[in-house]
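**Q** Using only what follows, build the 3D model:
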Amino acid sequence: MKQTPIRSTTILGVRLGRKVALGGDGQVTMGEMQLKSRAVKVRAFGDGQVLGGFAGAVADALTLFEKFEVKLEEYNQNLQRAAVELAKDWRTDKYLRELDALLALMDTKHSYILSGSGDIIDPEDSVFAIGSGSGYAMAAGRALVRVGEKDPKQVVQTAMEITADICIYTNDQITILELG
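**A** Predicted structure coming up:
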């Protein structure tokens, strides 16, 4: 029996100078049905100095968050090193390799998107996104930055609201975390 895929999530990160914000919507859907509207898909790590968000299977993402937290502690809150080491383990460990998720990680200096194939993507500009509504959120966020919005939290809030208006897998129950 084929399972109905669970779809959800838009995670948007914005870096403007030394200030960053990472936000996620709260919707979880299965097929055409909304299962939950207030899920929290972003959290702080490392004494609140690193932000993370996930898209994909929730249990898988939470497992990866646990592994990331261990790596972050092991490498003295160095996001870059912790991300590289997690990506290595994710790609090579037989159990972890089966996990279905994407992670968005950022601190005041770096932003990364991690995948199970070992990809560590360092976004080209100040706006990046993952998940079902990522294209919409990234386009809206980039437009807001280009017209002069200077507050990362406001960019995330407005871009996520725009995304919720047009993406059926994104809602307006937005959680935003910030640094800087």
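**Q** switch to C-alpha atoms for all contacts and neighbour counts from now on
**A** Fine.
**Q** burial measure for residue 149, as a count.
**A** Residue 149: 15 surrounding residues under other C-alpha atoms under 10 Å.
**Q** scratch that, residue 63 is what I was asking about
**A** Per other C-alpha under 10 Å, the neighbour tally for residue 63 reads 13.
**Q** do residue 37 as well
**A** Using other C-alpha under 10 Å, residue 37 has 17 other residues around it.
**Q** so what's the residue lying closest to it once chain neighbours are set aside scoring on pLDDT?
**A** Once flanking residues are discounted, residue 37 sits nearest to residue 27: 4.4 Å by C-alpha to C-alpha, 6 or more residues apart in numbering. Looking at residue 27, its pLDDT reads 91.
**Q** try the one 3 residues further on
**A** With respect to pLDDT, residue 30 has a value of 78.
**Q** Next, it: phi, psi?
**A** When read as degrees, to the nearest 10, the backbone of residue 30 gives phi -130, psi 110.
**Q** wouldn't residue 40 be in contact with residue 25 here?
**A** Yes: using C-alpha atoms under 8 Å, residue 40 is in contact with residue 25, at 7.4 Å.
**Q** Return every residue with contacts to both of these two.
**A** Residues touching both residue 40 and residue 25 (C-alpha atoms under 8 Å, 6 or more residues apart in numbering) are residue 175.
**Q** Which of these two has more residues huddled nearby?
**A** More crowded of residue 40 and residue 25, by other C-alpha under 10 Å: residue 25, with 30 against 18.
**Q** Grab the nearest non-local neighbour of that one.
**A** residue 174 (4.4 Å).
**Q** Provide a list of residues in contact with residue 88.
**A** By C-alpha under 8 Å, 6+ apart, the residues touching residue 88 are residue 118.
**Q** Next: residue 108.
**A** By C-alpha under 8 Å, 6+ apart, the contact set of residue 108 is 15, 18-20, 49-50, 179-180.
**Q** before we move on, what about residue 161?
**A** By C-alpha under 8 Å, 6+ apart, residue 161 lies in contact with 171-172.
**Q** SS state for it?
**A** Following DSSP: H, G, I helix; E, B strand; the rest coil, the label given to residue 161 is helix.
**Q** and it, how far is that from residue 175?
**A** Separation of residue 161 from residue 175 (C-alpha to C-alpha, to the nearest Å): 11 Å.
**Q** same question, residue 158
**A** The value you get for residue 158 to residue 175, if C-alpha to C-alpha is used, is 12 Å.
**Q** okay, these two: which has more neighbours?
**A** Legend: neighbour count by other C-alpha under 10 Å for residue 158 and residue 175, higher for residue 175 (20 against 15).
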